[in-house]
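# predicted model, plus sequence, below.
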Amino acid sequence: MPDQPGDHAQRASDAERLRALERRLDDLGRDQRPQTPGADKFHQANQAWRMVVELVAGLAIGFGVGYGLDRLFGTTPIMLVIFIFLGFAAGVKTMLRTAAEMGHAPPAGTARDSMPDDDPDDDERD
């Protein structure tokens, strides 16, 4: 279909309207609301649950592997006990790794940032 004389003007108008719409969407897309204080107040509880789940998962995997090997080899309690202890050790190791992550990079705006230091050398009451 050949271009008609009004097509060029219509395309230019459409392009300008599209740019105006994109600018308006960009302006609306920015969140102008202030950060709510305490929005991440459950961060420590979430970390605690994560550590509990890691420990239980280690125990459950150890139990499953030990039970499966006992059934396979016919050694009723031996493998189960060994792998429960190994699962417990793996869960504790994972928990310690999580605790180390928590100690290195606390999220901004948590209660830890607003608490005073407990260092007795910095006590100003003396």
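Great, that's in hand.

# residue 79: how many residues sit nearby?
Residue 79 is flanked by 19 other residues according to other CB atoms under 10 Å. (Each C-beta comes from the backbone N, C-alpha and C, glycine too.)

# looking at it, it is touching residue 71, isn't it?
No. The pair residue 79 / residue 71 is not scored as a contact, 9.1 Å apart, by CB atoms under 8 Å.

# look up how far residue 76 lies from residue 97.
Residue 97 sits 33 Å away from residue 76 when distances are taken as CB to CB, to the nearest Å.

# hmm, I typed the wrong one, I wanted residue 18.
74 Å.

# residue 46 too?
Applying CB to CB, the value for residue 46 to residue 76 is 39 Å.

# could you count how many residues lie near the residue nearest to residue 98 when sequence neighbours are not counted?
Spatial nearest neighbour of residue 98, chain neighbours left out: residue 51 (5.4 Å); criterion: CB to CB, 6 or more residues apart in numbering. For residue 51, the neighbour count with other CB under 10 Å is 19.

# check residue 84 too.
Here the number of neighbours of residue 84 (other CB under 10 Å) works out to 20.

# next, it: secondary structure please.
helix (DSSP: H, G, I helix; E, B strand; the rest coil).

# dump the residue contacts of it.
If a contact means CB atoms under 8 Å, 6 or more residues apart in numbering, then residue 84 has 59, 62, 63, 66 as its contacts.

# from these, which two are the most distant?
Of all pairs drawn from these, the one with the longest distance (CB to CB) is 59 and 66, at 10.4 Å.

# give me the common contacts of these two.
By the contact definition CB under 8 Å, 6+ apart, residue 59 and residue 66 are jointly contacted by 84, 87.
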